[in-house]
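Asks: can't give you the sequence, but here's the structure:
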């Protein structure tokens, strides 16, 4: 659902996720990069760097990996 959040609101979302989790809480995100669209409505562009920009102030990334198997049309987009 990250792609549905207006890019101007994403930093607030990252902060809110941090506030909602307990000190030992874990936030798991699955990144599905979205390519650029022509209008300014959801789904908005989202890249792995967008996730990192929003979450790095509050969270430590434990693992980042690409799927070992993927269908051709989704390769590099999951």
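Replies: That came through fine. Bear in mind that the values here come from a model prediction, so they are computed numbers and not experimental data.

Asks: in the protein, which spans are helices?
Replies: Using DSSP state H, the helices of the chain run over residues 10-20, 48-55.

Asks: which one in this protein is furthest away from the centre?
Replies: Distance from the C-alpha centroid of the chain peaks at residue 72, with 21.9 Å (Cα atoms, centre = their mean).

Asks: gap between that residue and residue 22?
Replies: Residue 72 sits 41 Å away from residue 22 when distances are taken as Cβ to Cβ, to the nearest Å. C-beta here means a position set from N, CA and C on the backbone, and glycine is covered the same way.

Asks: and if you look at residue 48?
Replies: Distance from residue 48 to residue 22, counting by Cβ to Cβ: 26 Å.

Asks: Neighbour count for those two, which is higher?
Replies: A direct count of neighbours by other Cβ atoms under 10 Å for residue 48 and residue 22 places residue 48 higher, at 11 against 6.

Asks: Next up, the contacts around that one.
Replies: Applying Cβ atoms under 8 Å, 6 or more residues apart in numbering, one finds that residue 48 lies in contact with 31, 33, 64.

Asks: Buried members of those into PyMOL, please.
Replies: Filtering these down to the buried ones (16 or more other Cβ atoms under 10 Å) takes a single PyMOL command:
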select buried, resi 31+33
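
Asks: show me the contacts for residue 51.
Replies: By Cβ under 8 Å, 6+ apart, residue 51 lies in contact with 2, 29, 31.

Asks: So which of the residues you listed is the closest to residue 16?
Replies: Set against residue 16, the nearest of these by Cβ to Cβ is residue 2 (13.0 Å).
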